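Q: Provided below are the primary sequence and the corresponding predicted coordinates.
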Amino acid sequence: MKNGFINLKRKTLWIIIVVIVISISAFYFFGRSENGEEAFLVKKGTIVQEVSVTGKTKAADNIELSFKESGKVSQVLAKVGDNVSPGQILITLDDKELRAQLNQKEAALEVTKAKLEELKLEKTNAYRSAVSTIEEVYIRADEAVKQKTDDVFTNDNTSPQLTFTTLNTQARIDAVAGRLEMAELLPVWRINVYSLSPTSPEAQILTLIGDSLNNVSKIQSFLQNVFDAINYAADLSGTTKNSYQTSVSTARTNLNSVNEKLDSQLRLINLQDAKINSQQAQIRQIEADINLVKTQLTNVVLRSPINGLVTTVDIKIGETVSVNQKVATVISKTGFEIESNITEVDIAKVKIGDTALVTLDAFGNEVVFEAVVSFIEPAETIIEGVATYKTTLNFVSENERIKSGMTANIDILTQKKDGVLLAPQRLIITKNGNRVAKIIGQDGSVSEVMVETGLRGSDGNIEILSGVNEGDRLLTP
C-alpha cells in the first residue's frame, strides 16, 4: 500500500513536470502580451520550398522499331510480353534475293582480283624486259660513239678534232662539241645501267628508261652532225667518205632500233599501269557493292536495341513491310522516369537537378522513392486552358516494383535555407501594397512594421529578410 502511494506520487510529479515544460515551450513560441493577446516569437530555423504535382511513370526508353529495307516477313521471333536483350533478333525479312546478289558479286570480285594479279605480273615482266633493253641500248650507243665514229676523230675523249677538213663549219663545231659531251655522258650512263637488276625498284627503272631515251636523242643529234661534216668533207677520197658515212648510218640505224624497242616497252609499262588502275577501280566498286548488299542483309534483320520488354508486334509472317513502317515496340525494363505537367506558376521555381520525393498510389504513402528533375520542355502545353510545361524526373535508384503507367505524387524540393528568420505566413499581411507584421512591445503595446519577405515554405512559414529581429513577438490573429 505504501509502495503504491509512492508510485502515485512519482507519476503525479512527472505529470506536473511535463505540464510545466509544455507551458514554458508554449510561452516561448506563443506567449501572451500583457493585455492577454496571443503572440508568436520570431526565431531562426530551416525553411523548405516545395512544388507538389502528380504525374505518370513511363519507361525511360520506349522505342518504336521499323525496317530500313522493304520486303516480305519471313520470321516473327518475338511476341508481346517477351523479355529481350540487346541484339536479340525479333523479326526477319526474306533475304534470298540479297544473298544471291552477294554470292554473285563476291564471285565477280574473285575474278577481278585474279585479273589484277595477271596484270601485275605482266607489268613486272615488262620492267624486267626494260632492264635488259636499257643495257642493250647503252651497248649500241657506246658502239656508235666509240667505234662507228672512231676514225672520224683524234683525241676522242680529251680534245677531239676531225681527221679531215669540212666545208660545213657549223657541223664541224657541233660534231666536236658533241664528241666531248659523249666523253662525259657515256661513263655516267654505264654506271647507272650496270647498277640495275630485274629486282630493282620500279621507280629507279623508270628513271633510267627516261635518262636512256634522252641520251639516245643526244647521240642521234651528235651522229647527224658527224654525218653532215663528212658529207661536206674537202680532203677525203670518195671511198673513205662512203666508208665513214656508211659507218655512221649503221650506228644510227642500230641505235634507232633498240631505242624504239625501249620506247615500246615504256608505253607497255604505262599501259599496264593504266590497266591496273582500272582494275583496282573495278575492285573498289565491287567491294562497295558487296558492302551495300551486306548492309541491306543487316537491315532485313530487326534486333532489339536494348534490354527490355516487347509491348507491340504489328506484323505477321508473309506480310510485306515498307521502309520505316512501325512493326514492333520495345520498352526498357529498368530506368523508369516520371512525366508531369507543371503549371507556369510553379515551373519558375523548378530547375533541372532539383531533387524530389515520390510516392506511388500502387504502394501507398509509406513507400517513398527519390527522383531528380532531368528535363523541362521549353515550349508550353495547354491543358484545359492552362499553360503547363512537361517535366521529366528520373528515379535515383532502380526498383523492380515500378511499372509503366503508375500514378506518382511528387514533392519537388526547389529551395532550402538554414538559419533564417521564420514566421507563419498568416501573420504577415498586405496593407497599402506593403508587407506588414504586428509587433508586441515590452510594455504590451502593438505596433505595425513593414517587413521584407523571402522564401515561402511548404510548412506554412515564410522567411523574414528585414523588419523584425529574432526574439520579437508577433501578434497572432
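A: Structure's in. What do you need?
Q: any idea how far residue 155 is from residue 183?
A: 10 Å (CB to CB, to the nearest Å). All C-beta spots, glycine's among them, are computed from the backbone N, C-alpha and C.
Q: now do the strands in the stretch 1-150 of the chain.
A: Along the stretch 1-150 of the chain, the stretches classed as strands by DSSP state E, counting those that start in this stretch are 39-41, 43-59, 62-66, 71-76, 83-84, 89-93.
Q: want to throw the ones you listed into a markdown table with mean neighbour count and distance to residue 411?
A: Below are the strands of the stretch 1-150 of the chain laid out as a markdown table (neighbours: other CB atoms under 10 Å; distance: least, CB to CB, whole Å):
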| stretch | mean neighbour count | distance to residue 411 |
| --- | --- | --- |
| strand 39-41 | 19 | 26 |
| strand 43-59 | 18 | 5 |
| strand 62-66 | 15 | 26 |
| strand 71-76 | 16 | 45 |
| strand 83-84 | 16 | 33 |
| strand 89-93 | 20 | 40 |
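Q: between the helix or strand containing residue 259 and strand 89-93, how big is the angle?
A: For residue 259, the enclosing helix or strand under DSSP states H and E is helix 238-299. In terms of direction (axes from the mean of the first three to the mean of the last three CA atoms, to 10 degrees), helix 238-299 departs from strand 89-93 by 120 degrees.
Q: where does the stretch 351-477 of the chain have low pLDDT?
A: Along the stretch 351-477 of the chain, segments meeting pLDDT under 70 span 477.
Q: hey, where'd the strands end up in it?
A: Under the criterion DSSP E, counting those that start in this stretch, strands of the stretch 351-477 of the chain are mapped to 355-360, 368-376, 381-383, 386-395, 407-424, 429-431, 434-440, 446-450, 452-456, 461-466, 473-475.
Q: distance of residue 129 relative to residue 195?
A: Per CB to CB, residue 129 is found 18 Å from residue 195.
Q: looking at the two, which is more packed in?
A: Taking neighbours as other CB atoms under 10 Å, residue 129 and residue 195 compare with residue 129 leading, 17 against 10.
Q: residue contacts, the more buried one?
A: Neighbour list for residue 129: residue 265 [criterion: CB atoms under 8 Å, 6 or more residues apart in numbering].
Q: ok, and the closest non-adjacent residue to residue 300?
A: Distances taken as CB to CB, 6 or more residues apart in numbering put residue 93 closest to residue 300, at 3.9 Å, once the chain neighbours are dropped.
Q: go ahead and confirm the one you found touches residue 298.
A: No - the criterion here is CB atoms under 8 Å, and residue 93 misses it with residue 298 at 11.2 Å.
Q: which residues of the stretch 1-150 of the chain score low on pLDDT?
A: In the stretch 1-150 of the chain, residues with pLDDT under 70: 1-37.
Q: now do the helices in it.
A: 2-29, 96-146 (DSSP state H, counting those that start in this stretch).
Q: nearest spatial neighbour of residue 79, skipping sequence neighbours?
A: Using CB to CB, 6+ apart and skipping residues adjacent in sequence, the residue nearest residue 79 is residue 313, 6.0 Å away.
Q: look up the pLDDT of the one you found for me, please.
A: With respect to pLDDT, residue 313 has a value of 93.
Q: residue 155 and residue 183: who's more crowded?
A: residue 183 (15 against 10).
Q: that one sits in which helix or strand?
A: Going by DSSP H and E, residue 183 is in helix 169-194.
Q: any idea what residue 38 is bridged to?
A: Counting by DSSP bridges, residue 38 is bridged to residue 32.
Q: again with the one 10 residues further on
A: In this structure, residue 48 bridges to residue 416 when assessed by DSSP bridges.
Q: so residue 340, which of the three states?
A: strand (DSSP: H, G, I helix; E, B strand; the rest coil).
Q: could you find the closest non-adjacent residue to it?
A: Spatial nearest neighbour of residue 340, excluding adjacent residues (CB to CB, 6+ apart): residue 55 at 3.1 Å.
Q: quick check: beta-bridge partners of that neighbour?
A: Counting by DSSP bridges, the residues bridging with residue 55 are residue 408.
Q: what's the answer for residue 302, then?
A: Residue 302 has these beta-bridge partners by DSSP bridges: residue 91.
Q: do you know how far it is from residue 312?
A: 13 Å.
Q: what does residue 402 give?
A: The gap separating residue 402 from residue 312 is 21 Å, by CB to CB.
Q: in terms of neighbours, single out the busier of the two.
A: Neighbour tally, residue 402 and residue 312, criterion other CB under 10 Å: the higher count belongs to residue 402, 23 against 14.
Q: that one against residue 360, yeah?
A: Yes - judged on CB under 8 Å, residue 402 makes contact with residue 360 at a distance of 7.3 Å.
Q: anything in contact with each of these two?
A: Common neighbours of residue 402 and residue 360 (CB under 8 Å, 6+ apart) are 57, 369.
Q: domain-wise, how is this protein divided?
A: For the chain, the structural domains run 1-30, 62-94+300-331, 101-294, 335-475, going by automatic domain parsing.
Q: right, and residue 108 touches residue 283 too?
A: No - applying CB under 8 Å as the test, residue 108 and residue 283 come out as separate, 9.7 Å apart.
Q: what about stretch 451-469, start to end distance?
A: 10 Å (CA to CA, to the nearest Å).
Q: mind listing what's buried in it?
A: Buried residues in stretch 451-469, counting neighbours by 16 or more other CB atoms under 10 Å, are found at 451, 453, 455, 456, 457, 461, 462, 463, 464, 467, 468.
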